[in-house]
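Asks: okay, sequence plus prediction incoming.
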Amino acid sequence: GTICAAQRTGQERLVRTSLVIANWKLNGDAELLKSFAEHFHQSEIQQHIGVAICPPAVYLKTADVLLNAIGVKVGGQNCSEFEQGAYTGEISAQMLADSGCRYVLIGHSERRALFAESDAVMAGKVQQAQAAGLTPVLCIGETLEQREAGELEQVIEQQLSSACKEVDFENLVIAYEPVWAIGTGKTATPAQAQDVHRLIRNWVATKAPEAAQKIQILYGGSVKADNATELFSQADIDGGLIGGASLDTEQFAAICQAANVKKDS
Ligand code: 13P
């Protein structure tokens, strides 16, 4: 794997570095990228934590030029499960890598719910991303109905096991995004989120014990500057995947600052 997400400290303790990713969804433009670049040009936060922006695909090259040079990483919002061929409208993982991407979001709940992406499709996308040298950010999370029916654990484990086939856990980020918290202003409580993050890390440990201590598990769903600190201080929350609040440069920067905490694994 290529991530330096975990580092040995002087005392040989393993600590995970935080990661904050902006998911612009179907928003933003080159002007907004410029405003980000200007802000992060003045900032050093990206030397301390990982910061990445996932703009719509047509802006990736602009993002590559403006952001990679100042240490802010770039990511795609989706990639094809196919390597190449007659798949009109698709973008391959290798094409994202060629455009300067380091990350790609896979299985966002909007892809699952609005574009009928199945768990089986996720596995192919994760494999394509890793084969292209990208770090996939696998998004999982339950609906309110599933949570209220007591199916939380089962849903999370099902999503993980179906997407993580032949996966290199050393080069994977997992984002827990409860569907009911996305764009609703209803964030999971820090304790609710921590419980699921622990569940996820324990599941990874059953597959890859060493990687489980290093893997970054991000929380997403109505993260704002004013609730980020409490969420990111939880033991197994290693940063965030930010939607709405990532469209405001100042607010996104404040969320990045809140993630500047190192935790023992
Ligand atoms: P919001 O931050 O707008 O709730 O979106 C979260 C999300 O879906 C990030 O991928």
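Replies: Arrived safely, thanks for sending.

Asks: in the host helix or strand of residue 31, which residues are buried?
Replies: Residue 31 belongs to helix 30-42 when assigned by DSSP states H and E. By neighbour count on 16 or more other CB atoms under 10 Å, the buried set for helix 30-42 is 32-33, 36-37, 39-40. Just so you know, the C-beta spots here come from the backbone N, C-alpha and C atoms, and that holds for glycine as well.

Asks: got the residues of the stretch 1-150 of the chain near the ligand?
Replies: Residues of the stretch 1-150 of the chain found near the ligand, taking CB under 6 Å from any ligand atom as the criterion, are 23, 108.

Asks: give me the low-pLDDT residue ranges for the stretch 1-150 of the chain?
Replies: 1-14 (pLDDT under 70).

Asks: would you map the helices across it?
Replies: In the stretch 1-150 of the chain, helices defined by DSSP state H, counting those that start in this stretch lie at 30-42, 45-48, 60-67, 93-98, 109-114, 119-131, 144-148, listed in chain order.

Asks: could you give the angle of the helix holding residue 31 to helix 60-67?
Replies: Between helix 30-42 and helix 60-67, the angle comes out at 20 degrees (axes from the mean of the first three to the mean of the last three CA atoms, to 10 degrees).

Asks: give me the contact list for helix 30-42.
Replies: For helix 30-42, the surrounding residues in contact (CB atoms under 8 Å, 6 or more residues apart in numbering) are 22, 24, 46, 51, 53, 55, 59, 62-63, 66-67, 70-72, 247, 249-250, 252-253.

Asks: would you write a ChimeraX line that selects the buried entries of these?
Replies: The following ChimeraX line selects those of the contacts of helix 30-42 that are buried, judged by 16+ other CB under 10 Å:
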select :22,24,46,51,53,55,59,62,63,66,67,70,72,247,249,252,253
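
Asks: picking up where we left off before, just the CA atoms of the helix holding residue 31, as PDB, please.
Replies: Output of helix 30-42 as PDB, limited to C-alpha atoms (Å, rounded to 0.1, in the frame of the first residue of the first chain):
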ATOM      1  CA  ALA A  30     -13.400  26.200 -11.400                       C
ATOM      2  CA  GLU A  31     -13.900  29.400  -9.400                       C
ATOM      3  CA  LEU A  32     -14.600  27.500  -6.300                       C
ATOM      4  CA  LEU A  33     -11.500  25.400  -6.900                       C
ATOM      5  CA  LYS A  34      -9.500  28.600  -7.200                       C
ATOM      6  CA  SER A  35     -10.900  29.900  -3.900                       C
ATOM      7  CA  PHE A  36      -9.900  26.500  -2.200                       C
ATOM      8  CA  ALA A  37      -6.400  26.700  -3.700                       C
ATOM      9  CA  GLU A  38      -5.900  30.300  -2.500                       C
ATOM     10  CA  HIS A  39      -7.000  29.300   1.000                       C
ATOM     11  CA  PHE A  40      -4.900  26.200   1.200                       C
ATOM     12  CA  HIS A  41      -1.900  28.000  -0.300                       C
ATOM     13  CA  GLN A  42      -1.800  30.100   2.900                       C
END
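
Asks: which positions in the stretch 151-265 of the chain make contact with the ligand?
Replies: 177, 182-183, 220-223, 241-245.

Asks: I figured residue 76 was touching residue 106, is that so?
Replies: No - here residue 76 does not reach residue 106: they are 9.3 Å apart, not a contact under CB atoms under 8 Å.

Asks: okay, the two: which has more neighbours?
Replies: residue 106 (31 against 26; other CB atoms under 10 Å).

Asks: the more buried one against residue 129, yeah?
Replies: Yes - between residue 106 and residue 129 there is a contact under CB under 8 Å: 6.5 Å.

Asks: quick check: longest helix of this structure.
Replies: helix 190-207 (DSSP state H).

Asks: let's verify the residue lying closest to residue 227 once chain neighbours are set aside: helix, strand, or coil?
Replies: Spatial nearest neighbour of residue 227, chain neighbours left out: residue 187 (5.5 Å); criterion: CB to CB, 6 or more residues apart in numbering. Under DSSP: H, G, I helix; E, B strand; the rest coil, residue 187 falls in the coil class.
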